[in-house]
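S.K.: the sequence and its predicted three-dimensional model are supplied below.
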Amino acid sequence: MMFTATITLIIERLGPKYLRRPASVYIGVVVLTKVLAEKGNSLCTLHGGKYQECRDLAPAQFKLDPNNSDLLYCQRISSTPATRLDVINLQEQLDMRLQQRQARETGICPVRRELFSQCFDELIRQVAINCAERGLLLLRVRDELQMTLRAYQTLYESSVAFGMRKALMAEQGKSELERKLVQLEEDKRDLERQLKETKANAEAAEKKLNEQRQVEEKKHMEEINFLKKTNQQLKAQLEGLIAPKK
């Protein structure tokens, strides 16, 4: 279903693109056919040659659901100049909607940005009615701000993606380092065990060598003492044989 006041070619082309069951309603004419009725299309005209004020109030009679894909609502910008009271009402509406939608007062808040963007668009409309050149200049300022915001958003998303990749790489590197650390600790324990065994073997070999040396030294001293004693005996016998008899 599509509501429109004075439909343009662009709006007419949007119908088949965004509506599941597109149908057109013309000013002052209700086109109902059997085929459309069988498809479940509900057709309605907001006005039939009514005044602009009546056409502006007509959408309020419908409960418009923005999530309803069967409904395409086309609203034209009002050309009525804004008064001081309209500006005050705009400010009050902005404050009320900020409170209703619980927009954050500080930091990044999509809700606050959306509401202030809508408020700025309304201010541009009010200014453009009185002075088209000033309105166009404000429109350029708005577009420049939106382009800057999109650039910052793209940069932020890129930095977040880069940070995520670096975090994943760091996490993978951390896991690899942890595995290497476990392996090195195991190798360290093996080397410490081997060192302990080597020290024990060295101490045992040194102890055995000392014992063997002591045994050899004792045996060597005994042989020396035996040879000295034998030498003394042989010397005494030799002197006895050589000495002259009286």
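M.R.: Great, that's in hand.
S.K.: the host helix or strand of Lys218 - contacts with which helices or strands?
M.R.: Assignment of secondary structure by DSSP states H and E places Lys218 within helix 132-242. Packed against helix 132-242, as judged by 3 or more Cβ pairs under 8 Å, 6 or more residues apart in numbering; DSSP states H and E, are the following elements: helix 110-130. C-betas here are computed from N, CA, C, even on glycine.
S.K.: can I get the CA coordinates of the helix it packs on in PDB?
M.R.: Presented in PDB, the C-alpha positions along helix 110-130 are these (Å, rounded to 0.1, in the frame of the first residue of the first chain):
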ATOM      1  CA  PRO A 110      23.100   7.100  17.600                       C
ATOM      2  CA  VAL A 111      19.700   8.200  19.000                       C
ATOM      3  CA  ARG A 112      21.000  11.600  19.900                       C
ATOM      4  CA  ARG A 113      22.700  12.000  16.600                       C
ATOM      5  CA  GLU A 114      19.500  11.000  14.700                       C
ATOM      6  CA  LEU A 115      17.300  13.400  16.600                       C
ATOM      7  CA  PHE A 116      19.700  16.400  16.300                       C
ATOM      8  CA  SER A 117      20.100  15.600  12.600                       C
ATOM      9  CA  GLN A 118      16.300  15.700  12.100                       C
ATOM     10  CA  CYS A 119      16.200  19.000  14.100                       C
ATOM     11  CA  PHE A 120      19.000  20.400  11.900                       C
ATOM     12  CA  ASP A 121      17.000  19.400   8.800                       C
ATOM     13  CA  GLU A 122      14.000  21.200  10.100                       C
ATOM     14  CA  LEU A 123      16.000  24.300  10.800                       C
ATOM     15  CA  ILE A 124      17.400  24.200   7.300                       C
ATOM     16  CA  ARG A 125      13.800  23.900   6.000                       C
ATOM     17  CA  GLN A 126      12.800  26.900   8.000                       C
ATOM     18  CA  VAL A 127      15.800  29.000   6.800                       C
ATOM     19  CA  ALA A 128      15.400  27.900   3.200                       C
ATOM     20  CA  ILE A 129      11.800  29.100   3.100                       C
ATOM     21  CA  ASN A 130      12.800  32.600   4.000                       C
END
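S.K.: now the angle from that helix to helix 132-242?
M.R.: Note on geometry: by axes from the mean of the first three to the mean of the last three Cα atoms, to 10 degrees, helix 110-130 and helix 132-242 are set 150 degrees apart in direction.
S.K.: need the residues that contact helix 110-130.
M.R.: For helix 110-130, contacts defined as Cβ atoms under 8 Å, 6 or more residues apart in numbering pick out 77-82, 86-87, 90, 94, 97-98, 101-105, 134-136, 138-139, 142, 146, 149.
S.K.: out of those residues, which are buried?
M.R.: 82, 90, 94, 97-98, 103, 135, 138-139 (16 or more other Cβ atoms under 10 Å).
S.K.: and those residues, which is closest to Thr230?
M.R.: Taking Cβ to Cβ as the measure, Thr230 lies nearest Ala103 of the buried ones among the contacts of helix 110-130, at 119.9 Å.
S.K.: for stretch 94-108, list the C-alpha coordinates in PDB.
M.R.: Once non-C-alpha atoms are left out, stretch 94-108 reads as follows in PDB (Å, rounded to 0.1, in the frame of the first residue of the first chain):
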ATOM      1  CA  LEU A  94      13.600  17.700  20.600                       C
ATOM      2  CA  ASP A  95      14.000  17.700  24.400                       C
ATOM      3  CA  MET A  96      11.000  15.500  24.900                       C
ATOM      4  CA  ARG A  97      12.100  12.900  22.300                       C
ATOM      5  CA  LEU A  98      15.700  12.900  23.700                       C
ATOM      6  CA  GLN A  99      14.200  12.000  27.000                       C
ATOM      7  CA  GLN A 100      11.700   9.500  25.700                       C
ATOM      8  CA  ARG A 101      14.200   7.600  23.600                       C
ATOM      9  CA  GLN A 102      16.700   7.800  26.500                       C
ATOM     10  CA  ALA A 103      19.500   9.400  24.500                       C
ATOM     11  CA  ARG A 104      22.900   9.700  26.200                       C
ATOM     12  CA  GLU A 105      24.000  13.200  27.000                       C
ATOM     13  CA  THR A 106      27.700  12.500  26.400                       C
ATOM     14  CA  GLY A 107      29.700  10.100  24.300                       C
ATOM     15  CA  ILE A 108      28.600   8.500  21.000                       C
END
